[in-house]
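Asker: Generate coordinates for the sequence data below:
(2 chains)
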Amino acid sequence: MAPADSPLMGDPGSVDQGNLYPSGASDRFCTGCGSASTSCSGCNRPLDPPRFCPTCGRRLTVAVTPGGYRARCRDHGEPIGV
Amino acid sequence: MPGEATATPIRTTVTLSAPNRGPDKPSPQRIEIESIDARARLSAVEVALLDEKRLLTTEELAGLAELPDQWVTSLAALAHQVRLAWCGPEVEVEGILSAKTGGCPEDCHFCSQSSRFDTPVKATPFLEAGEVLAAAEETKALGASEFCIVLAIRGPDERTMQRILELVPMIHEQTGLNVAVSVGLLTEEQARRLAEGGVHRYNHNLETSRSFFPHVVTTHSWEEREDTCRLVRDHGMELCCGALIGMGETDAQRVELIGQLQELDPTEVPLNFLNPRPGTPLGDEQPVAAWEAIRWIAMFRLGLPGVILRYAGGREVTLRELQAMGMTSGINALIVGNYLTTLGRSADEDLQMLSDLRMPVGALTGVL
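Answerer: Next up is the predicted model:
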């Protein structure tokens, strides 16, 4: 059983109780570099998973596997729409 | 298994349009060479590799490295014939997993997983067995025959050794995949235990030539890496030992590295192209130009005619539309899907490419 904070726990489609990221809310931070979206409109890195939380700008815990990846913010869960 | 958390594939790999990557590294100035001279050099090495079936000398390789750009297709065509003659047409497909990411104590200047640099990569602990197995099953579903478990560490402590020794046979039994491991510098005892524990192939890259290595890593030496490579071979595991091109080394240093790899005689050589990573000392390097990458794929094949020459990190970013060309320039293996911290193109695109090239997929194990 993976620990609760494992990057690979949880169902991608569900919204955790702790996920404070409602759909439709604007991204305040760039997921590529963590800068405020007022200073970065989005780093064009199609070959990188999201690295920073769009809600708070903190680094995400990211686990890359051959077939996919999982990215999770300590406070905001998985970013939607990245 | 019911009740056990597993890593289900969360999002599929992206299909690329041409990724934005900035200007190429400028090519070195190469002297003009008369066509008759260039053809003579190519002809001589063709005889050496296809008739005499011997390795090329450093001088011969240097003579090829300086051929102007118009000769790259000739180098590539010869490299393709050498691959077919020494290895056959099969392509080995492999998945790799970063089972412990970031937080590495070493300072390899190209690597976003070093704890010494301020990179976006956040450290994660060693994944649980169920998660590693799920990644292996993903790998199998993508059409691979090989699965490599990689940890971002200097070398394995006892707890890590025990985890590896549990994981390797379990994954092999459950999936049928050959399991490779890459966990850093080894002692003799560790090499013996891994070999006895069923590790099929052990990866430890030289990355670059002995003379350039101090510019890339300061926390351990090239000789320490070479020692681990020799231990792997001494204890009967296949050696996978790769290179990373584009860190500022010269052409002569790339030829030097090929010679050093000839000396080590690995089963597999993964060829990585620098993908400059934000926050690392090499983060502002320009990427290798695609045409240079084709040249050096051919050079590595001509220098190491019998190895499994694998497309590894940075392939999509560097080769772009020339990825299929690399497959007819000496490459006979590839990493499918994603890499350790970055994403790759979809497995479907790779398998379609191999089908279009009429290259069968299969497990390889050295020279025919």
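Asker: what's the burial count for residue 70?
Answerer: Using chain A here. Look at A:Arg70: counted by other C-beta atoms under 10 Å in any protein chain shown, it has 25 neighbours. (Each C-beta comes from the backbone N, C-alpha and C, glycine too.)
Asker: hm, I was asking about chain B
Answerer: 10.
Asker: Return the set of buried residues in the helix or strand harbouring B:Gly130.
Answerer: Using DSSP states H and E, B:Gly130 sits within helix B:129-141. Using 16 or more other C-beta atoms under 10 Å in any protein chain shown as the test for burial, helix B:129-141 gives B:Ala129, B:Gly130, B:Glu131, B:Val132, B:Leu133, B:Ala134, B:Ala135, B:Ala136, B:Glu137, B:Glu138, B:Thr139, B:Lys140.
Asker: And the next helix or strand after it, what does it pack against?
Answerer: Using DSSP H and E, the helix or strand that follows helix B:129-141 in sequence is strand B:146-151. Strand B:146-151 is packed against strand B:92-100, helix B:129-141, helix B:158-175, strand B:178-182, strand B:201-203, with contacts defined by 3 or more C-beta pairs under 8 Å, 6 or more residues apart in numbering or on different chains; DSSP states H and E.
Asker: Once you drop chain neighbours, what's closest to B:Leu343?
Answerer: Among residues not flanking B:Leu343 along the chain, A:Leu47 sits closest, at 4.9 Å (C-beta to C-beta, 6 or more residues apart in numbering or on different chains).
Asker: what about the helices in chain B?
Answerer: According to DSSP state H, chain B carries its helices in the segments B:35-46, B:58-65, B:72-87, B:129-141, B:158-175, B:188-196, B:222-234, B:251-264, B:290-303, B:315-319, B:323-327, B:347-356.
Asker: Could you dump those into CSV with distance to chain A and mean pLDDT added?
Answerer: Shown next, in CSV, are these (distance: least, C-beta to the nearest C-beta, whole Å; pLDDT from 0 to 100):
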stretch, distance to chain A, mean pLDDT
helix B:35-46, 35, 98
helix B:58-65, 29, 98
helix B:72-87, 24, 98
helix B:129-141, 4, 97
helix B:158-175, 12, 98
helix B:188-196, 22, 98
helix B:222-234, 23, 98
helix B:251-264, 24, 98
helix B:290-303, 15, 98
helix B:315-319, 6, 97
helix B:323-327, 13, 98
helix B:347-356, 8, 97
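Asker: closest one to B:Phe110 among these?
Answerer: Closest of the helices of chain B to B:Phe110 is helix B:315-319, at 13.3 Å (criterion: C-beta to C-beta).
Asker: which residues make contact with the closest one from outside it?
Answerer: Contact with helix B:315-319 is made by A:47, B:16, B:19, B:21, B:246, B:273, B:275, B:287-288, B:290, B:293-294, B:323, B:325-326, B:334-335, B:344-345, as judged by C-beta atoms under 8 Å, 6 or more residues apart in numbering or on different chains.
Asker: Tell me where chain A has strands.
Answerer: Assigned by DSSP state E, chain A shows strands spanning A:61-65, A:68-72.
Asker: Determine the angle, from 0 to 180 degrees, between the first one and strand A:68-72.
Answerer: Pointing back at strand A:61-65 there. 170 degrees (axes from the mean of the first three to the mean of the last three C-alpha atoms, to 10 degrees).
Asker: how about the strands of chain A in a markdown table, adding distance to chain B?
Answerer: Below are the strands of chain A laid out as a markdown table (distance: least, C-beta to the nearest C-beta, whole Å):
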| stretch | distance to chain B |
| --- | --- |
| strand A:61-65 | 4 |
| strand A:68-72 | 4 |
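Asker: Reformat those strands as a markdown table; add mean pLDDT.
Answerer: Shown next, in a markdown table, are those (pLDDT from 0 to 100):
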| stretch | mean pLDDT |
| --- | --- |
| strand A:61-65 | 96 |
| strand A:68-72 | 95 |
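Asker: And those: which comes nearest B:Ser114?
Answerer: strand A:61-65 (16.0 Å).
Asker: how about that closest one as PDB, C-alpha atoms only?
Answerer: Extracted as PDB, the C-alpha positions of strand A:61-65 are listed here (Å, rounded to 0.1, in the frame of the first residue of the first chain):
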ATOM      1  CA  THR A  61       5.800  16.500  -6.500                       C
ATOM      2  CA  VAL A  62       6.000  14.800  -9.900                       C
ATOM      3  CA  ALA A  63       6.400  11.100 -10.700                       C
ATOM      4  CA  VAL A  64       7.100  10.300 -14.300                       C
ATOM      5  CA  THR A  65       6.500   6.700 -15.500                       C
END
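Asker: So what angle separates the directions of it and strand B:92-100?
Answerer: 160 degrees.
Asker: what does strand A:61-65 contact?
Answerer: Contact with strand A:61-65 is made by A:5, A:7-8, A:49-51, A:69-74, B:7, B:9, B:97-98, B:101, B:121-122, B:124, B:127, B:131, B:134-135, B:138, B:337-343, as judged by C-beta under 8 Å, 6+ apart.
Asker: Just give the nearest non-adjacent residue to whatever residue of the stretch 201-350 of chain B ends up closest to chain A, would you?
Answerer: Distances between the stretch 201-350 of chain B and chain A by C-beta to the nearest C-beta are smallest at B:Gly337, namely 3.8 Å. Distance criterion C-beta to C-beta, 6+ apart; nearest residue to B:Gly337, sequence neighbours excluded, is A:Pro66 at 3.8 Å.
Asker: cool, B:Arg54 as well?
Answerer: Nearest one to B:Arg54, counting by C-beta to C-beta, 6+ apart, is B:Ala48 at 5.6 Å.
Asker: count of neighbours near that neighbour?
Answerer: 18.
Asker: What of B:Ile297?
Answerer: 28.
Asker: Tell me who's in contact with it.
Answerer: The contact partners of B:Ile297, by C-beta under 8 Å, 6+ apart, come to B:Ala76, B:Ala79, B:Leu271, B:Leu309, B:Gly326, B:Ser329, B:Gly330, B:Ile331.
Asker: B:Ala44 touches B:Leu64, doesn't it?
Answerer: No - applying C-beta atoms under 8 Å, one finds B:Ala44 not in contact with B:Leu64, separated by 9.9 Å.
Asker: Neighbour count: these two, which is higher?
Answerer: The neighbour count for B:Ala44 versus B:Leu64, taken as other C-beta under 10 Å, is higher for B:Leu64 (24 against 14).
Asker: Help me confirm that that one comes into contact with B:Phe300.
Answerer: No - applying C-beta under 8 Å as the test, B:Leu64 and B:Phe300 come out as separate, 11.3 Å apart.
Asker: Just flag the most distant two among the contacts of B:Ile297.
Answerer: Taking C-beta to C-beta, no two of the contacts of B:Ile297 sit farther apart than B:Ala76 and B:Leu271, at 13.8 Å.
Asker: thinking again about what came up before, please indicate which of the contacts of helix B:315-319 are buried?
Answerer: Here, 16+ other C-beta under 10 Å leaves A:47, B:16, B:21, B:246, B:273, B:275, B:287-288, B:290, B:293-294, B:323, B:325-326, B:334-335, B:344-345 buried among the contacts of helix B:315-319.
Asker: between the strands of chain A, which one is nearest to B:Leu264?
Answerer: Of those, the one closest to B:Leu264 (C-beta to C-beta) turns out to be strand A:61-65, at 29.0 Å.
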